[in-house]
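**Student:** Following is a predicted model, sequence given first.
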Amino acid sequence: MRSSSSNVFSSKISVLKFICSSIYLIISRIKYSNGFNFNPLIHLPTNVLYTNTSTLLLNIDDFGAQGDGFTDDTKSFREVWKAACSSMSRAEIVISEMKTYLVHPTDFVGPCRSKVMLRVYGFIVAPRDPEVWDLDVNKWLCFRRVNRLKIEGAAGGLIDGTGHEWWARSCKNNESNRCTNAPTAVTFDKCKNLKVINITIFNSQRTHIAFTHCKGVEASGIKLMSPDSPSTNGVHISASTNVVLDNIIISTGDDCISIGSNSSAIRMENIFCRVGHGISIGSLGKYNSSGIVEDVVVNRAFFFDAKTGLRIKTWQGGSGFVRKVMFKNIWMSNVTNPIVIDQYYCDSPLTCLNQTSSVRIENVSYIGIRGTSATDEAIKFACSDSCPCKRLRLENIELTTLNGNAAKSFCWEAYGTNSRLVYPPSCVSSGDIIIRHQIQFNSTSWRNDQYALF
């Protein structure tokens, strides 16, 4: 009988706990949606809350953040991250809406004990003064070695890099300025199974968002904006694999999306790129380095008033390869250079010396590319003498000029196939490719050239 009474009493306690938690959740949501002066009648004994789904809710304000845009809230961000990352159960960090949090350069480091979600309802802003960055000027907000992290924004959520002072000091903006590095607004380094959804990043100091050494990334509904900046990138992917970008809107001063070395299995769909330099693979091979990019698919991308559309760029003297790349269902509107392969890339104030070695480019397809070019040269394939571009595929290309002139193609050492409509008329050479190979007979001397069919 006592056992039965005890069970009934325990059940009542559990129900009471559930009711209290539910009331607190409702009051908290009213508090967040209606203002900041609402004082709930029920206060739990701590600054955290466990929901009935065993998720630990952590509001940044409960960790001392002021959210006035002037007070340094960096310490509060570090403390709430520490609490979330050390939690045995799932943790959810809430950045309150209608508030502005000033955050200095900060690392959010894992591995964490469980899944962590960061919900951005308010504004997160960087310091305006570049002097705040004492040691590492390459990053502002950096998430490192975190597994199963999810970051989700809302309509009122915004991450603002306040990069105007960085732009003013850039050598891209003023040649008399010394060329220096600038921070990436949000960096994900060595993260696995990462999701980034509905985040808006404005006015990054340099690159808006970067994925480096990551495995398994899903990014969707992202907006990246700084169209007046001299040299800001949208998304940069480097040394990462299994990355999916979907429904991304970008308006920046440099590359909308760039893919660096050691990256593979990259999928991009529904990409909107205004101004800037479009989607770039590279640059690769700088300082005689090795660069590898493979298995990249871009499907349904739209370029408006951009300087370049689809570009692969490599330096002379490099090694490695770019292969298994497909661009399909692309629309260009007033794009200066819609399709480009440049194996003589040289972004340097000094003249780049001619070198024989090069990053190999092969198995690249352009299918269903339409729209308008701002110049007569709509297609440019400038490939290496010693390492020609091989197995290029052009199909259903229709690029016209805005000025009414005939669109043109330029090819150098570019080989592949053309099918269906290709306009401007393709200059890609078809058939067997003759490649010259030098045969080394010993470690110190080279003898006659040999020609071989590929």
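**Tutor:** Yes, it's here. Numbers count the residues shown, from 1 in each chain.

**Student:** Can you pull out the low-pLDDT segments for this protein?
**Tutor:** For the chain, the stretches with pLDDT under 70 are 1-53, 431-454.

**Student:** which residues of it fall in helices?
**Tutor:** In the chain, the segments counted as helices under DSSP state H are 2-34, 74-85, 164-168.

**Student:** Run through the strands of the stretch 251-400 of the chain in chain order.
**Tutor:** Secondary structure of the stretch 251-400 of the chain (DSSP state E, counting those that start in this stretch): strands at 257-259, 263-274, 279-284, 290-304, 308-314, 319-335, 337-342, 360-373, 377-382, 389-401.

**Student:** As a markdown table, those with mean neighbour count would be great.
**Tutor:** For every residue, glycine as well, the C-beta is placed using N, CA and C. Shown next, in a markdown table, are the strands of the stretch 251-400 of the chain (neighbours: other CB atoms under 10 Å):
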| stretch | mean neighbour count |
| --- | --- |
| strand 257-259 | 25 |
| strand 263-274 | 20 |
| strand 279-284 | 26 |
| strand 290-304 | 20 |
| strand 308-314 | 26 |
| strand 319-335 | 20 |
| strand 337-342 | 25 |
| strand 360-373 | 21 |
| strand 377-382 | 24 |
| strand 389-401 | 20 |
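
**Student:** and of these, who's closest to Thr241?
**Tutor:** With CB to CB as the criterion, Thr241 lies closest to strand 263-274 of those, at 4.9 Å.

**Student:** neighbouring contacts of the closest one?
**Tutor:** With contacts defined as CB atoms under 8 Å, 6 or more residues apart in numbering, strand 263-274 is touched by 227, 234, 237-251, 256-257, 259, 279, 292-306.

**Student:** change it to 7 Å
**Tutor:** 227, 237-251, 256-257, 259, 279, 293-306 (CB atoms under 7 Å, 6 or more residues apart in numbering).

**Student:** Stretch 355-366 too?
**Tutor:** Identification of contacts with stretch 355-366 by CB under 7 Å, 6+ apart yields 284-285, 291, 312, 314, 316-327, 339, 341, 343, 383-384, 386-387, 389-394, 397.

**Student:** how much space is there between Ser240 and Arg178?
**Tutor:** For Ser240, the distance to Arg178 (CB to CB, to the nearest Å) stands at 31 Å.

**Student:** now Gly318
**Tutor:** As defined by CB to CB, Gly318 lies at a distance of 26 Å from Arg178.

**Student:** Looking at these two now, which is surrounded by more residues?
**Tutor:** The neighbour count for Gly318 versus Arg178, taken as other CB atoms under 10 Å, is higher for Gly318 (26 against 7).

**Student:** can you pull the contacts of that one?
**Tutor:** 284-286, 288-291, 357-359.

**Student:** What is the burial count for the closest residue to it other than its chain neighbours?
**Tutor:** Spatial nearest neighbour of Gly318, excluding adjacent residues (CB to CB, 6 or more residues apart in numbering): Gly285 at 1.7 Å. By other CB under 10 Å, 25 other residues sit near Gly285.

**Student:** How about Cys179?
**Tutor:** 10.

**Student:** Likewise for the one 5 residues further on?
**Tutor:** Look at Thr184: counted by other CB under 10 Å, it has 25 neighbours.

**Student:** Quick check: beta-bridge partners of it?
**Tutor:** With DSSP bridges as the criterion, Thr184 is bridged to Lys139.

**Student:** what's the answer for Val335, then?
**Tutor:** Here Val335, judged by DSSP bridges, has bridge partners Ser373.

**Student:** Now do it against Leu135, distance only.
**Tutor:** From Val335 to Leu135 the distance is 40 Å (CB to CB).

**Student:** same deal with Gly161?
**Tutor:** Separation of Gly161 from Leu135 (CB to CB): 18 Å.

**Student:** coming back round to it: let me have the strands of the stretch 251-400 of the chain in CSV, extended by distance to Lys75.
**Tutor:** As requested, the strands of the stretch 251-400 of the chain are arranged in CSV below (distance: least, CB to CB, whole Å):
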stretch, distance to Lys75
strand 257-259, 34
strand 263-274, 36
strand 279-284, 38
strand 290-304, 40
strand 308-314, 42
strand 319-335, 44
strand 337-342, 47
strand 360-373, 49
strand 377-382, 52
strand 389-401, 53
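
**Student:** With adjacent residues omitted, what lies nearest to the residue most central in space within the chain?
**Tutor:** Geometric centre of the chain, nearest residue: Val235, 2.4 Å, by CA atoms, centre = their mean. Excluding its sequence neighbours, the residue lying closest to Val235 (CB to CB, 6+ apart) is Ile257, at 4.6 Å.
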